[in-house]
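Asks: test case, fold it:
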Amino acid sequence: MKKAVLFIHGLSAKKEDNIYFLEQMKKYHNIEIYSFTLPGHENDTVTKATGKDWLEKSENELKKVLEHHKKVTIVAHSMGTILAVNLASRYKEVDKLVLLSSAFIFGNFKQNKDDLVKILTHHVDEEVGTGFEGALKKFFTIPKSVMIEYYRLAEHNKENIKKIKCPTLIMHGSIDNVIPIKSSKFVYDNLNCRKDFVIIENVRHQIFKSNKKDKITKYIYNFITFNILYELHKKKKI
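Replies: Model (predicted):
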């Protein structure tokens, strides 16, 4: 039977942000990938929605998957990791968890400062961009009420991290321009389960749009399937 994988996207995410991962997962004969759109994300601009709306939608989608599978792995990015933590803390059917750019702390102002210096001194790495493309859009296009809901969601679910029992893989870009690495470290430090933490070097927030998207996807696949390749090639940085 195929392994069920439920993907939860982040705040203001667009389909193209994670399409590479979803399409690659479909190519594996032993994976059944599921994904959905969070309330308020149906259009290009994020509309008003609440943390309760996001949680209810995520839980309903998980229940749909569990109608066909006894176990499920949740892979989540950014704000989606908060929803994943909530579900994994309550559903024993979640047997593995992959948290990408965990967003319990928002705003990487140190990285933003470093990126601004590179812009002013003309030292921008064209391969990774200025670092302000996505960050500025989030700050100025997401309704304040939605950001408040996000902050509340993160705060209310911090304690749930300690309740997770399933094996968990955490990955974070070293130059993430939206969420600081300390956010993922906070999650890692509070987990009481089998856990791995991988830094993705020279990669920003949208990891599946980076030049390492193939490596990241294969690493996640090996973790999900408990492939011997995962244990043999386990790394702290990629």
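Asks: now do the SS call for residue 177.
Replies: Following DSSP: H, G, I helix; E, B strand; the rest coil, the label given to residue 177 is coil.
Asks: next one: it from residue 103, what distance?
Replies: 13 Å (CB to CB, to the nearest Å). Yep, even glycine has a C-beta here, placed from its N, CA and C like the rest.
Asks: contacting residues for the spatially most central residue of the chain?
Replies: Central residue of the chain (CA atoms, centre = their mean): residue 77, 1.3 Å from the mean position. Residues counted as contacts of residue 77 (CB atoms under 8 Å, 6 or more residues apart in numbering) are 7-10, 13, 17-18, 100-101, 207-208.
Asks: low-confidence ranges, this structure, go.
Replies: Within the chain, the segments meeting pLDDT under 70 span 107-140.
Asks: so residue 22 makes contact with residue 8?
Replies: No. Taking contacts as CB atoms under 8 Å, residue 22 lies outside contact range of residue 8: 11.7 Å.
Asks: among these two, which residue is more densely surrounded?
Replies: residue 8 (27 against 18; other CB atoms under 10 Å).
Asks: any idea which helix is longest in this protein?
Replies: helix 51-66 (DSSP state H).
Asks: hang on, the earlier thing: what's across from the residue nearest to the residue nearest to the centre of the chain when sequence neighbours are not counted in the sheet?
Replies: Nearest residue to residue 77, sequence neighbours excluded (CB to CB, 6 or more residues apart in numbering): residue 100, at 4.4 Å. Counting by DSSP bridges, residue 100 forms beta bridges with residue 77, residue 171.
Asks: burial count for residue 179?
Replies: Neighbours of residue 179 under the rule other CB under 10 Å: 27.
Asks: what helix or strand is residue 215 on?
Replies: Taking DSSP states H and E as the definition, one finds residue 215 inside helix 213-225.
Asks: now the strands: where do they sit in this protein?
Replies: 3-8, 31-35, 72-77, 94-100, 168-173, 195-200 (DSSP state E).
Asks: list the buried residues in the last one.
Replies: The one in question is strand 195-200. 195-200 (16 or more other CB atoms under 10 Å).
Asks: returning to that earlier point: may I ask which two of the contacts of residue 77 are separated the most?
Replies: 8 and 207 (14.5 Å; CB to CB).
Asks: quick one, what contacts residue 98?
Replies: 73-76, 168-169, 171, 220, 223-224.
Asks: rerun at 6 Å
Replies: 75, 169, 220 (CB atoms under 6 Å, 6 or more residues apart in numbering).
Asks: residue 31 and residue 25 touch, don't they?
Replies: Yes. Using CB atoms under 6 Å, residue 31 makes contact with residue 25 at a distance of 5.2 Å.
Asks: count of residues packed around residue 85?
Replies: Residue 85 is flanked by 29 other residues according to other CB under 10 Å.
Asks: go on, residue 105?
Replies: 17.
Asks: same question for residue 238.
Replies: Neighbours of residue 238 (other CB under 10 Å): 15.
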